[in-house]
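S.K.: the sequence and its predicted three-dimensional model are supplied below.
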Amino acid sequence: MPAMTQLPEAIEIETAPAPDAAVIWLHGLGADGHDFEPVVPQLRLPERLRVRFVFPHAPVRAVTINMGMPMRAWYDIRQLGGGREDEAGIRASQAQVQSLVERAQGRGVAPRRIVLAGFSQGGAIALQAGLRHAERLGGILALSTYLPLAGTLAAERSAANRDTPVFMAHGTQDPMIALARARESRAALEALGYAVEWKEYAMAHSVSGEEIADIAAWLLKLLAAAP
């Protein structure tokens, strides 16, 4: 019998009673689920969309670029800008996101009304999990991030999510994840046939007001159309 994956602790915000849509939003390295709480009112989504935002906390683990000190992280980062990836950590977090998707479904949310979102390494896990999920999801929102385990995606990707909307955005002055690396990730996705909506903003490794407005428009279009 396969081992059960423990659900991560999470903060939840509901935009209306009895939500029938879910956005599972993963924070970046060293942050926690509170990091993107303020985004919910800023998005100004109409109440009729009935969205439950789920902001899970990553587990605390030793992070190599933090001199091995423990911090919240979805996986270890051994060096900035690339290098050998923490495949075990990435896949463990993928399984945690899978468990969050399953919980959302168990609470009555259809897969096509579930969006995976994330910033930085949270965005990497959103791509990792969403593109491999067995059922068609509503969309994937990947901010200031890159495609992890890119070499395995062609073999592991789910046919059900080959046409899932993907929104990627990046800062042109990002010192943490170079714009060129993000562009390479977009190109890798497009080479596999994914339709990526791509945005660039004059900012560093952060989120801007213009970006939030674009995310709101994307989510509104996505969830208003999803059955």
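M.R.: The structure has been received and is ready for your questions.
S.K.: distance check, the residue lying closest to residue 66 once chain neighbours are set aside against residue 144.
M.R.: Nearest residue to residue 66 in three dimensions, chain neighbours excluded: residue 30, at 7.5 Å (CB to CB, 6 or more residues apart in numbering). For glycine as for every other residue, the C-beta is placed from the backbone atoms N, C-alpha and C. Counting by CB to CB, to the nearest Å, the separation of residue 30 from residue 144 is 14 Å.
S.K.: again, but for residue 69
M.R.: Taking CB to CB as the criterion, residue 69 is separated from residue 144 by 23 Å.
S.K.: higher neighbour count, those two?
M.R.: Higher neighbour count among residue 69 and residue 144: residue 144, with 27 against 9, using other CB atoms under 10 Å.
S.K.: now the helices for this protein?
M.R.: Remark: helices assigned in the chain by DSSP state H are 39-43, 87-106, 121-130, 150-156, 179-191, 209-225.
S.K.: and these: which comes nearest residue 77?
M.R.: For these, distance to residue 77 was read as CB to CB. The smallest value, 7.1 Å, belongs to helix 121-130.
S.K.: so where's this protein uncertain?
M.R.: 1-6, 226-227 (pLDDT under 70).
S.K.: how about the contacts made by residue 150?
M.R.: The contact partners of residue 150, taken as CB atoms under 8 Å, 6 or more residues apart in numbering, are 185, 188.
S.K.: at 10 Å instead, please
M.R.: Taking CB atoms under 10 Å, 6 or more residues apart in numbering, we find residue 150 in contact with 85, 127, 128, 184, 185, 188, 189, 192.
S.K.: any chance of JSON lines for these, columns distance to residue 47 and neighbour count?
M.R.: JSON lines is the format used below for those (distance: CB to CB, whole Å; neighbours: other CB atoms under 10 Å):
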{"residue": "85", "distance to residue 47": "41", "neighbour count": "17"}
{"residue": "127", "distance to residue 47": "30", "neighbour count": "27"}
{"residue": "128", "distance to residue 47": "32", "neighbour count": "28"}
{"residue": "184", "distance to residue 47": "39", "neighbour count": "14"}
{"residue": "185", "distance to residue 47": "35", "neighbour count": "23"}
{"residue": "188", "distance to residue 47": "38", "neighbour count": "17"}
{"residue": "189", "distance to residue 47": "33", "neighbour count": "23"}
{"residue": "192", "distance to residue 47": "37", "neighbour count": "14"}
